[in-house]
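Colleague: Sequence isn't available, so here's the structure alone:
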């Protein structure tokens, strides 16, 4: 989920950071935030009146933000590491694993500790039951520390429940060296055929086997991320990289309209397409943004969205704490001084501000220093 697509994908043509792919991460994190607000027993009525069913439906589909994260991971891993790992090398592979570990695990461990402390304080200070004995037991802690919680459906949402996605995503990270050296170097026609087969298989499996739903938080998540990560990786190798390296050209009309049209198609499809088909709109959206020629790409490349994108992983990991524990505390306290509907809306605003501030601190003092430290230990690899 991290977009550090900085050059070196091709030995002769450097690729700069694609700012719009960083910006879209921030939007997806906020989309997931809105979903969890909508699902909260006390906060669900905030800013979601029944008079606006369209917005209510849009916010309720925030789980698509995670699907976009998975596709984007495939894109970014291919851009950053695809060419470097074309030929298998143990030193390069272990270094890649250390970098992936440093990117996600320090944040994850920090939030496990913060969750436990916060829920204990919630029970002791505010007398709000959090069932800490069930939610925070040592066996589940071990699974979370090893990123194995997604392999046991009944344990997948223990401790920090949103971390199920990094458990499944790390599985894709582990397999990527194999993808880079065995699949991505295949001739372009074969990759196009493989992409078509995977796309149709994804739509078919989740339409006919799972009834069109993709909002799974269980062992099916591994299957889902496998499809989405591979589709993102192959799409990068077939379309994004050749365009950025100027090996092929894209008609200006297509480059300027692909991402906006994908966005419009997704919004329109909310009312009549199954989730298994809607997810697919994420690919042309990301591909179009990578061309960096449309108004949407320029908007997402502004400083505000870049900031949100840079802290998006931390925001994703910490927001649920603010919504659950913070939401319960906020409504209980503020309802003493104002009407309940007002207290709910004020609480949501405070939860959003608190989540963004906490994500900035987590990114600045945990995520970035850990990654920079490991990055310095780059192995010397013979050319």
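Modeller: Everything's here; your move. Owing to the predicted nature of the structure, the values given are computational and were not obtained by experimental measurement.
Colleague: Three-state assignment for residue 147, please.
Modeller: coil (DSSP: H, G, I helix; E, B strand; the rest coil).
Colleague: Make residue 1 into 30 and carry on from there
Modeller: All right, first residue 30 from here; so that's residue 176.
Colleague: so it touches residue 193, yeah?
Modeller: No. Residue 176 is beyond contact range of residue 193, at 9.8 Å (criterion: CB atoms under 8 Å). (Glycine included, C-beta is placed from N, CA and C.)
Colleague: OK, contacts around residue 285?
Modeller: Contact partners of residue 285, counting by CB atoms under 8 Å, 6 or more residues apart in numbering, are 322-324.
Colleague: change it to 10 Å
Modeller: Contact analysis of residue 285 by CB atoms under 10 Å, 6 or more residues apart in numbering lists 279, 317, 320, 322-326.
Colleague: Now flag whichever of those residues is closest to residue 372.
Modeller: residue 325 (36.1 Å; CB to CB).
Colleague: and that closest one, how many neighbours does it have?
Modeller: Neighbour count for residue 325, taken as other CB atoms under 10 Å: 21.
Colleague: what about the helices in the stretch 180-329 of the chain?
Modeller: Listed in chain order, the helices of the stretch 180-329 of the chain (DSSP state H, counting those that start in this stretch) span residues 193-207, 217-233, 249-264, 270-273, 281-298, 304-307, 311-319, 324-329.
Colleague: If I average pLDDT within each of those, which one is lowest?
Modeller: Among these, helix 304-307 has the lowest mean pLDDT, at a mean of 83.
Colleague: Now do that helix: which elements does it pack against?
Modeller: helix 93-110, helix 217-233, helix 281-298 (3 or more CB pairs under 10 Å, 6 or more residues apart in numbering; DSSP states H and E).
Colleague: sorry, back to before: of the helices of the stretch 180-329 of the chain, which stretch is the most buried?
Modeller: helix 311-319 (a mean of 24; mean count of other CB atoms under 10 Å).
Colleague: Run through the neighbouring helices and strands of it.
Modeller: The contact analysis (3+ CB pairs under 10 Å, 6+ apart) places helix 311-319 against helix 48-68, helix 93-110, helix 249-264, helix 270-273, helix 281-298, helix 324-329.
Colleague: between those helices, which one is nearest to residue 147?
Modeller: Nearest to residue 147, of the helices and strands packed on helix 311-319 and by CB to CB, is helix 48-68 at 15.9 Å.
Colleague: centre of the chain versus that closest one, how much separation?
Modeller: 8 Å (CA atoms, centre = their mean, to the nearest Å).
Colleague: Longest helix in the protein, by number of residues?
Modeller: helix 119-155 (DSSP state H).
Colleague: could I get the helices of the stretch 180-329 of the chain as CSV with distance to residue 359?
Modeller: Converted to CSV, those look like this (distance: least, CB to CB, whole Å):
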stretch, distance to residue 359
helix 193-207, 25
helix 217-233, 40
helix 249-264, 31
helix 270-273, 45
helix 281-298, 31
helix 304-307, 32
helix 311-319, 33
helix 324-329, 31
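Colleague: Tell me which of those helices approaches residue 48 most closely.
Modeller: Short answer: helix 324-329, nearest of those by CB to CB, at 7.1 Å.
Colleague: for this structure, what are the low-confidence residue spans?
Modeller: 30-45, 70-85, 153-164, 238-249, 409-412 (pLDDT under 70).
Colleague: Please report how far the most centrally placed residue in it lies from residue 342.
Modeller: Closest residue to the average C-alpha location of the chain: residue 98 at 3.1 Å, with CA atoms, centre = their mean. Distance, residue 98 to residue 342, using CB to CB, to the nearest Å: 9 Å.
Colleague: Can you tell me the element residue 168 falls in?
Modeller: According to DSSP states H and E, residue 168 maps onto helix 167-174.
Colleague: do residue 347 as well
Modeller: Using DSSP H and E, residue 347 maps to helix 341-350.
Colleague: Which strands or helices does that helix pack on?
Modeller: helix 48-68, helix 93-110, helix 119-155, helix 193-207, helix 332-339, helix 369-391.
Colleague: Please work out which of those helices is packed deepest.
Modeller: Highest mean neighbour count among the helices and strands packed on helix 341-350 (mean count of other CB under 10 Å): helix 93-110, with a mean of 25.
Colleague: contacting residues around residue 107?
Modeller: Applying CB under 10 Å, 6+ apart, we find residue 107 in contact with 34, 38, 114, 205, 208-209, 213, 258, 261-266, 269-270.
Colleague: between these, which is closest to residue 331?
Modeller: Nearest member of the contacts of residue 107 to residue 331, counting by CB to CB, is residue 34, at 18.4 Å.
Colleague: Now residue 319. Nearest residue, chain neighbours left out?
Modeller: Spatial nearest neighbour of residue 319, chain neighbours left out: residue 269 (4.7 Å); criterion: CB to CB, 6 or more residues apart in numbering.
Colleague: what's the spacing between that neighbour and residue 260?
Modeller: From residue 269 across to residue 260, the span is 12 Å (CB to CB).
Colleague: Pull up the overlap in contacts between these two.
Modeller: By CB under 10 Å, 6+ apart, the residues touching both residue 269 and residue 260 are residue 104.
Colleague: neighbours of the residue lying closest to residue 213 once chain neighbours are set aside, just the number please.
Modeller: In space, and not counting its chain neighbours, residue 213 is closest to residue 266: 4.9 Å by CB to CB, 6+ apart. Taking other CB under 10 Å as the criterion, the count of residues near residue 266 is 25.
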